[in-house]
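Visitor: based on what follows, work out the 3D shape:
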Amino acid sequence: MSGKAYLSITSEVKAALAAGKPVVALESTIITHGMPYPQNLAMAREVEDVIRAQGAVPATIAIMDGRLCVGVSGDDLVRLAEEGHKAAKASRRDVAALLASGEMAGTTVATTMQIAALAGIRIFATGGIGGVHRGAEDSFDISADLEELGRTPVAVICAGAKSILDIAKTLEVLETNGVPVLGFGTNDFPAFWARESGFKVDHRFDDAESVARMLAVQADLGMGGVLIANPIPEADAWEASAIEAFITQALADADAQGIAGKATTPFLLQRIFELTGGKSLQSNIALVKNNARVAADIAVALSGLVDGKGVRRV
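Guide: Numbers count the residues shown, from 1 in each chain. Sure thing, here's the model as predicted:
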């Protein structure tokens, strides 16, 4: 049985894919585990509106009722947002068990990529990718997102890696997995809340059309995913030193409470939200919307490279 047998794609997304129209995948752990209700629901709807305004079709992805759901909307989106942390957090290793049990789950970057590729979606917008956690030399805590990027042909637009991670090691693992790290309008790899991390991207592109051409060549070569780093807007960015102080405190609190594994990131995000008086959430929403806009522009440009007969124009 093909994995496609478990797909449930909404009629809107299915029609867009069949017509070669631009579609942007969206993950759902940001809804279930990244933000509290009802801010998560408002954010999800606002992000979809941003994508539509740029001429693309949004496709929120989640695991619900024993199905790989592509294009979650309406009452299902409300149900997902209300479930919040009670829903599972699904990485690649969890997919079969969750489908078999019928449990609801938000999909991580890795699992969203997997399902998007299965559905034929090539562009995916998120907040920040997972990566190598600080202290990974002892814990071996390395996100499955990095290996997924190396093997799954989906372009991920993000604000870099969360600065709660070890960014230097994260970039090393991406290089090992053969993942091109592109900077959208920047030479510097962003660190989620901060526009710079102190590390450089592999290649810089300044417009959606140039990125689309690169993605087309990447696909022609039969290679894996591409990471497109898009810095948080300046008006919503934090100074690296300021956010680092909150991260240090949150990490200490996680250690004191014995938080580990996949519970770490949701705990840290919530703790940083508390320490910043909610301001980190405002920045989070701003960067996700910015990533969605850029992702939609790239999806539109990529769809424009192919004519109605499926023939490449360039």
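
Visitor: where exactly do the helices run in the stretch 1-150 of the chain?
Guide: 11-18, 29-32, 39-53, 74-83, 95-101, 109-119, 136-139, 144-151 (DSSP state H, counting those that start in this stretch).

Visitor: just give me the lowest mean pLDDT stretch among those helices.
Guide: Mean pLDDT is lowest for helix 136-139 out of these, coming in at a mean of 78.

Visitor: now it: how far from the chain's centre is it?
Guide: Computed by C-alpha atoms, centre = their mean, to the nearest Å, the chain-centroid distance of helix 136-139 equals 24 Å.

Visitor: and what of stretch 135-149?
Guide: 16 Å.

Visitor: make 10 the starting number, not 1.
Guide: Will do, 10 is the new start, and the previous item becomes stretch 144-158.

Visitor: and I294, which of the helices of the stretch 10-159 of the chain is closest to it?
Guide: helix 48-62 (5.2 Å; C-beta to C-beta). Every C-beta, even on glycine, is put in place using the N, C-alpha and C of the backbone.

Visitor: pLDDT weak spots in this structure?
Guide: 10-11, 271, 315-323 (pLDDT under 70).

Visitor: spatially central residue in it, please.
Guide: T135 (2.8 Å; C-alpha atoms, centre = their mean).

Visitor: hmm, back to that, CSV for the helices of the stretch 10-159 of the chain, including distance to A244 and mean neighbour count?
Guide: As requested, the helices of the stretch 10-159 of the chain are exported to CSV (distance: least, C-beta to C-beta, whole Å; neighbours: other C-beta atoms under 10 Å):
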stretch, distance to A244, mean neighbour count
helix 20-27, 32, 15
helix 38-41, 21, 26
helix 48-62, 16, 18
helix 83-92, 26, 17
helix 104-110, 38, 15
helix 118-128, 26, 26
helix 145-148, 33, 12
helix 153-160, 28, 22
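
Visitor: which of the ones you listed sits closest to D262?
Guide: Short answer: helix 145-148, nearest of the helices of the stretch 10-159 of the chain by C-beta to C-beta, at 16.7 Å.

Visitor: can I get the helices of the stretch 10-159 of the chain in TSV including distance to A68?
Guide: What follows is those, written out as TSV (distance: least, C-beta to C-beta, whole Å):
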stretch	distance to A68
helix 20-27	5
helix 38-41	14
helix 48-62	9
helix 83-92	12
helix 104-110	17
helix 118-128	7
helix 145-148	32
helix 153-160	18
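
Visitor: show me where the stretch 110-259 of the chain has strands.
Guide: Counting by DSSP state E, counting those that start in this stretch, the stretch 110-259 of the chain has strands at residues 114-116, 132-134, 164-167, 190-193, 212-214, 235-238.

Visitor: ok, longest strand in this protein?
Guide: Counting residues, the longest strand found in the chain (DSSP state E) is strand 66-73.

Visitor: what angle separates that one from helix 118-128?
Guide: 110 degrees (axes from the mean of the first three to the mean of the last three C-alpha atoms, to 10 degrees).

Visitor: direction included, what does strand 66-73 pair against?
Guide: Strand pairing for strand 66-73, using DSSP bridges, gives strand 32-35 (parallel), strand 76-79 (antiparallel), strand 114-116 (antiparallel).
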